[in-house]
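*Asks:* 3D model of this:
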Amino acid sequence: MMPSDAASEAFRAILVDDDELYREAISGELEFHGFTVSAFPTGEQMLAHLDSGASAEVTVLDCQLESGLGDDLLPV
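*Replies:* Numbering: from 1, shown residues only. Here you go, the predicted structure:
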């Protein structure tokens with residue numbers, strides 16, 4: 001566990017993957033390395049998150065989402 005002052009300086013990551021097991025595994029790995037992770041099963045949910053004013057330094061994106069939206073999210 002990180003000290004509270006280090007946690008406030010953690011990098012933020014957004015993860016989008018429709019595979020729940022993969023999403024949980026990658027989220028856990030990113031958190032282990034000090035990232036604060038916001039994970040979403042769809043690109044639409046990620047876009048709503050960003051529209052609410054959220055941001056991140058790192059985005060991990062499944063480019064083969066079932067919705068077919070993966071590649072379309074790259075310019076965002």
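
*Asks:* Can you name the next helix or strand after the helix or strand bottoming out on mean pLDDT in the chain?
*Replies:* Within the chain, confidence by mean pLDDT, DSSP states H and E is lowest for helix 4-7 among all helices and strands, at a mean of 49. Using DSSP states H and E, the next helix or strand after helix 4-7 towards the C-terminus is strand 12-16.

*Asks:* Just the buried residues of the helix or strand just after that next one, please?
*Replies:* Using DSSP H and E, the helix or strand that follows strand 12-16 in sequence is helix 20-32. Using 16 or more other CB atoms under 10 Å as the test for burial, helix 20-32 gives 23, 26-27, 30. The C-beta positions use only the backbone N, C-alpha and C, and glycine is treated the same way.

*Asks:* Stretch 51-59 too?
*Replies:* 56, 59.

*Asks:* So what would you say the end-to-end distance of that stretch is?
*Replies:* 15 Å (CA to CA, to the nearest Å).

*Asks:* Give me the distance from it to the chain's centre.
*Replies:* 9 Å (CA atoms, centre = their mean, to the nearest Å).

*Asks:* so Leu50, which of the three states?
*Replies:* helix (DSSP: H, G, I helix; E, B strand; the rest coil).

*Asks:* Give me the neighbour count for it.
*Replies:* 16 (other CB atoms under 10 Å).

*Asks:* For it, give its distance to Glu31.
*Replies:* Leu50 sits 20 Å away from Glu31, taking CB to CB, to the nearest Å as the criterion.

*Asks:* and if you look at Tyr22?
*Replies:* 15 Å.

*Asks:* before we move on, what about Ser67?
*Replies:* From Ser67 to Glu31 the distance is 25 Å (CB to CB).
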